[in-house]
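Q: just a sequence and a predicted model for now, questions to come.
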Amino acid sequence: MDRTLIRGARIIDGTGAPWYRGDVLVSQGKIARIGINLASDGDVAVVDAAERYLAPGFIDAHCHDDLIFLREPDRPEKAFQGVTSIVVGNCSFSLYPALPSSREHLRQHFSGLLGHTHVNEIFDDLAAYQERLEDQGIAINLVSLVGHAALRLGVMGHDRRPADQSEIDAMCALLDRQLAQGAAGLSLGLVYPPSAFADITEMLALAGIVRRHGKVLAAHIRSYEAGLMTAIDEFSDILRQSRVAGLLSHLQSAGRPNWGQIPLAIGRLEELRDEGVDISFDMYPYPAGSTWILQLLPPVTMDGGLEALRRRLADPQARTVLRRWVNEGGPEFEGQSKVSLIGWQNVRLSAVGIENLKHLEGTDMEAAAASLGIDPFDLMLRFIDEDEGQTGIILFQLDEEDLQCACCNRLYMAGSDGLPRPGSKPHPRAYGTFPRVAGPIRRDRKWFSLEDAVRRMTSIAAQRFSLTDRGLVRPGLAADLVLFEDGITDQATFENSTELATGISHVWVNGQAIIADGVQTGARPGKVI
């Protein structure tokens, strides 16, 4: 049956306007009608909203589900959050485009972020990735950015140097093809080699291609620590000169010595808007972030890739310099050491790929090292060697006041930034971001109204990614909808991080229920959009 009547809902339309009571008729994948006491006939499935709220399906503006979508297309942890569309390819990481010469480089690069990636999970282009996803079926919609790292690896490998004009032209041609195939834009990852090795000339050229296609440029900027404001200025210079729409990824100020910068950063973003720069930002609603073990080292050490790093670490003198910098910081390398800012006790192991150390998942690096009778730095070296640098970590590094300042700003949209690694102990944001925003943060902390919370999870992201047929409850738009209780809440914690959210009874994607009466249906109506 392709017609559903949702009766007597408190409709939150996604604009931020107050909820109103009404019925919604869904037909052939679209919202057909909205009204009071809409007539039903025999071929309509009726769902009694029973005082629950009906909203546009939530849009995860920033996640890293590129790989897990290939392996687990039903995506239960997203479905039970009311998420109907996700944006992947963030922070310079995408599973495409790969040239014959760069396929293995890209496979290794992506493995660092999300664990072992198979060669058949790397794709020539977006069209090939889309074909695989749609052939197997996907429960929710997927929007993809092109990862800058894939472009660089395809053209110049892991080289830490500026690209010459012929290399820039080659990267632009690669990007142009992906955007023509429907990619939503380009993502930079300016702390992640090889994206971190790009200069302004390269980034402006790529931004020009994005602008020509009318797409978005997203950026994990060059610093979220002491250099936050300088990093914002670098990104804004690219946006200003190219006149491209920009999305600053997961705005934050990391490390206690740097807390308190977010009001300054927000002020700068508002100034940029006044100057005509089209910029907004996403963030996850938690005081901790997540990454992988190599991010505890300065980016320069990844010049040449993982094997080159291993050779450097085999040099006792180089190892001594790195040990001092990681533990204490210093002038030897650009930027601030994360460990020197937060301490090893605030670095928690979340995903370990070697069996004899997997029991350490959920333990902080200081305690884990002590249990083995070694120094935390030496444990890090062991992970780099035996786990090929793929060990996942959680960093407790953010200030709640900064977080509130960011999430309550008008430019904010919700993104989970989840790093799904089945069988591990991931950051709870992958399982709880959206019910957390609509539930405890709205209800208990009172950061915003329910209608405003929904707006930050729907229409703002739809606008940023040009999803013109989603993000609102309006006749004629795609029927991506979520029906939830006022008591909606996240259950995932840092200790039990894979608990599914509660309070959502129904989720529709393109008019088909993927959650009905709190049970996943097995339907896969999602599209690559």
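A: Received, thanks.

Q: okay, now residue 118: neighbour count?
A: Other residues within reach of residue 118 by the criterion other C-beta atoms under 10 Å amount to 11. C-beta coordinates here come from the backbone N, C-alpha and C atoms, glycine included.

Q: contacts for the helix or strand of the chain with the lowest mean pLDDT, please.
A: Ranked by mean pLDDT, DSSP states H and E, the weakest helix or strand in the chain is helix 306-313, scoring a mean of 91. Residues outside helix 306-313 that contact it (C-beta atoms under 8 Å, 6 or more residues apart in numbering): 108, 112, 158, 294, 297, 301-302, 318-319, 322, 381, 384-385, 388-389.

Q: output the contacting helices and strands for the helix or strand following that helix.
A: As assigned by DSSP states H and E, the chain's next helix or strand after helix 306-313 is helix 316-328. Packing partners of helix 316-328 (3 or more C-beta pairs under 8 Å, 6 or more residues apart in numbering; DSSP states H and E): helix 306-313, helix 338-342, helix 376-386.

Q: how about the nearest residue to residue 449, chain neighbours excluded?
A: With sequence-adjacent residues excluded and distances taken as C-beta to C-beta, 6 or more residues apart in numbering, residue 449 is closest to residue 442, at 7.1 Å.

Q: picking that back up, can I get the helices and strands packed on helix 316-328 in CSV including mean neighbour count?
A: Formatted as CSV, the helices and strands packed on helix 316-328 follow (neighbours: other C-beta atoms under 10 Å):
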stretch, mean neighbour count
helix 306-313, 15
helix 338-342, 20
helix 376-386, 19
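
Q: in TSV, list those helices along with distance to residue 154.
A: Converted to TSV, the helices and strands packed on helix 316-328 look like this (distance: least, C-beta to C-beta, whole Å):
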stretch	distance to residue 154
helix 306-313	18
helix 338-342	29
helix 376-386	25
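
Q: which one of those helices lies nearest to residue 451?
A: Taking C-beta to C-beta, helix 338-342 is the member of the helices and strands packed on helix 316-328 nearest to residue 451, at 36.0 Å.

Q: okay, now the unreliable bits of the stretch 151-300 of the chain?
A: Within the stretch 151-300 of the chain, no range satisfies pLDDT under 70.

Q: if we can go back for a sec, of all the helices and strands packed on helix 316-328, which one comes closest to residue 162?
A: It's helix 306-313; of those, that one is closest to residue 162 (C-beta to C-beta) at 18.7 Å.

Q: the closest one: how far from the chain's middle?
A: In terms of C-alpha atoms, centre = their mean, to the nearest Å, the centre of helix 306-313 is found 29 Å from the chain centre.

Q: of the contacts of helix 306-313, which is the nearest to residue 29?
A: For the contacts of helix 306-313, the nearest to residue 29 is residue 112 (38.4 Å; C-beta to C-beta).

Q: for that closest one, give me the pLDDT.
A: On the pLDDT scale, residue 112 is placed at 90.

Q: count the residues that sit near it.
A: Residue 112 has 23 neighbouring residues, counting by other C-beta under 10 Å.

Q: for residue 316, grab the count of nearby residues.
A: 8.

Q: select only the buried ones of the contacts of helix 306-313 in PyMOL?
A: To isolate the buried members of these in PyMOL, using 16 or more other C-beta atoms under 10 Å:
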select buried, resi 108+112+158+294+297+301+302+322+381+384+388+389
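
Q: any idea which of the contacts of helix 306-313 is closest to residue 498?
A: The closest of these, once distances to residue 498 are taken by C-beta to C-beta, is residue 112, at 22.0 Å.

Q: contacts made by whatever helix or strand that closest one lives in with the rest, please.
A: Using DSSP H and E, the element containing residue 112 is helix 103-114. The contact list for helix 103-114, computed with C-beta under 8 Å, 6+ apart, reads 64, 66-68, 93, 95, 98, 117-119, 121-122, 149-150, 153-154, 157-158, 292, 294, 305-306, 388-390, 419-421.
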